[in-house]
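Peer 1: Pasting the sequence and the predicted model now:
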Amino acid sequence: MMNVCHNCGEYRADKVIDPNGPFAVCPVCGFRHLFLQLPLLLVSGASETGKTAVHAALSGKIPQVVLLDSDILWRPEFDKPEENYRDYFETWLRFCKNISKSGRPVVLFGAGMGVPDNLEPCVERRYFGQLHYLGLVCSDEVLEQRLRGRPAWRKSDQPDFIQAHLSFNRWFKEQAATMTPPIDLLDTSQNSLETTAAQVAGWIKLKIGLYGNN
């Protein structure tokens with residue numbers, strides 16, 4: 001487990017990263033843990049922009065990476081908006097960090113994961129190279145139509161729910177280029193699932209290609 005020092009046994013997530021290795025240096029005893037500092041790829045967007053469908057379509061199709069849906073770890077105890085869901089994001093980064101030890105980068109699909117301000121300040125973020133963000137967006141009209149077309153049990157046709165996701169969808173369009181790092185955008189309004197999946201796959205391969213994983 002990366003956060004437990006192999007020398008003194010202290011649990012510290014806030015190790016100092018020395019890029020000449022890279023090493024994660026224990027702040028208690030100075031032990032230098034050699035580790036793989038891989039990129040992390042985030043695919044995000046409002047509900048019904050295509051995240052879940054694309055994740056399902058690409059699962060098992062790109063063996064160089066591990067594709068995960070962030071919803072699988074959600075539990076009520078993470079529902080702390082007053083803390084900006086910090087524990088949820090830290091948990092996911094810790095999970096992805098340990099998966100990266102296998103030598104394959106993680107591609108994480110999830111709404112809040114695509115907002116750099118949610119991940120970049122996290123303690124666990126230091127264990128990755130660059131974080132690459134892709135936001136799936138669509139027109140307001142298409143998004144509302146898709147939300148209203150969901151099964152009734154999902155209650156996605158409620159006005160407040162629709163307005164919240166329309167606002168989130170617009171946020172990506174308006175703020176993506178201003179973020180640090182900036183968010184790449186893919187408009188899924190007129191795309192088939194096959195087309196969108198192929199475009200996301202191309203984005204993934206481009207980003208991991210920057211690190212020599214072809």
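Peer 2: Arrived safely. All values reported here derive from a predicted model rather than from experimental measurement.

Peer 1: Contacts only, for residue 115.
Peer 2: 44, 179 (Cβ atoms under 8 Å, 6 or more residues apart in numbering). C-betas here are computed from N, CA, C, even on glycine.

Peer 1: if I look at it, how far off is residue 73?
Peer 2: Relative to residue 73, residue 115 is positioned 17 Å away (Cβ to Cβ, to the nearest Å).

Peer 1: Next: residue 17.
Peer 2: Counting by Cβ to Cβ - residue 17 and residue 73 are separated by 25 Å.

Peer 1: Next: residue 166.
Peer 2: With Cβ to Cβ as the criterion, residue 166 and residue 73 are 27 Å apart.

Peer 1: higher neighbour count, these two?
Peer 2: Between residue 166 and residue 73, residue 166 has the larger neighbour count (other Cβ atoms under 10 Å), namely 16 against 13.

Peer 1: so that one touches residue 142, yeah?
Peer 2: No: in this structure, residue 166 is not within contact of residue 142 by Cβ atoms under 8 Å, at 10.8 Å.

Peer 1: Show the contacting residues for residue 52.
Peer 2: Residue 52 neighbours (Cβ under 8 Å, 6+ apart): 69, 109.

Peer 1: What strand or helix carries it?
Peer 2: For residue 52, the host element (DSSP states H and E) is helix 51-58.

Peer 1: for the helix or strand that that helix is followed by, the distance to its chain's centre please.
Peer 2: For helix 51-58, the following helix or strand on the C-terminal side (DSSP H and E) is strand 66-69. Mean C-alpha position of strand 66-69 versus that of the full chain (Cα atoms, centre = their mean, to the nearest Å) differs by 9 Å.

Peer 1: helices or strands next to strand 66-69 in the packing?
Peer 2: helix 51-58, helix 86-100, strand 106-109 (3 or more Cβ pairs under 8 Å, 6 or more residues apart in numbering; DSSP states H and E).

Peer 1: how's the protein carved up into domains?
Peer 2: By the assignment in automatic domain parsing, the chain contains the domains 1-35, 37-209.

Peer 1: would you list those domains in a markdown table and tack on mean pLDDT?
Peer 2: Output for these, formatted as a markdown table (pLDDT from 0 to 100):
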| stretch | mean pLDDT |
| --- | --- |
| domain 1-35 | 95 |
| domain 37-209 | 95 |
